[in-house]
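> need a structure here:
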Amino acid sequence: MSLQLRLFGGGNDGGKLASGGAGNDGSHNIDKSRVLQATSPDAISPMNPGNFAAGERSVPIVPAPRYFSKEEKDAVKKLAKEKTEGARHSKTAYEKLGMIEAADAKVHKAHRKYEGVVADNELKKIRANAGLAKHLHSLRPGYARLGLGIDKAENNARTRIDEITAKLTAGMN
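Numbers count the residues shown, from 1 in each chain. Down below sits the predicted model:
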């Protein structure tokens with residue numbers, strides 16, 4: 001497989017739209033629901049706001065004032081140290097996940113801009129094809145005149161040949 005095909009794929013569809021039509025009547029196949037569709041089913045958006053009830057709770061809420069034993073205090077102290085360290089790691093991980101999301105968004109935006117350039121240039125190419133087709137149609141009368149001229153010359157030549165043949169064969173009879 002060539003490097004070009006691996007990088008860009010072999011998506012040549014022969015100039016047809018995804019719908020199978022040539023799209024030459026000004027119609028479109030832009031489905032608003034597909035344009036506004038989330039890039040991932042679990043992406044946060046107004047249509048999918050996430051789970052506000054979900055949250056991290058490492059220990060249950062103490063419902064009323066109470067005394068803790070030394071063992072409970074030591075366990076809570078150890079857990080607090082672990083959770084504090086885990087929170088530091090989580091904060092860094094979430095920051096890095098945010099950086100990855102920002103990078104993904106930049107790539108997505110750049111790709112959509114590129115697709116816009118491709119679409120603009122596709123219109124220019126199709127417009128050039130249409131211009132050539134119109135120009136070729138404008139040449140048709142000239143070709144028709146040339147064809148009629150050749151037909152007339154052929155008929156004139158045939159008539160002259162027939163006259164000569166008649167004269168030559170008339171003297172033989």
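> which SS class is residue 65?
Secondary structure, DSSP: H, G, I helix; E, B strand; the rest coil: residue 65 is coil.
> Count the residues that sit near it.
5 (other CB atoms under 10 Å). C-betas here are computed from N, CA, C, even on glycine.
> next one: residue 49
The burial count for residue 49: 8, using other CB under 10 Å.
> Could you do residue 118 as well?
Neighbours of residue 118 using other CB under 10 Å come to 10.
> how close does it get to residue 35?
17 Å (CB to CB, to the nearest Å).
> do residue 76 as well
Distance from residue 76 to residue 35, by CB to CB: 52 Å.
> Compare these two (neighbour count), which wins?
residue 76 (12 against 7).
> which residues of this protein fall in helices?
3-8, 32-35, 70-170 (DSSP state H).
> to the chain's geometric centre, what's the distance from the second one?
What separates the centre of helix 32-35 from the centre of its chain is 13 Å, taken as CA atoms, centre = their mean, to the nearest Å.
> Check residue 13 and give its pLDDT.
pLDDT recorded at residue 13 is 51.
> Equivalent analysis for residue 22, please.
56.
> Ok, residue 113 next?
So residue 113 comes in at 97 (pLDDT).
> Quickly note the distance from it to residue 86.
For residue 113, the distance to residue 86 - CB to CB - is 40 Å.
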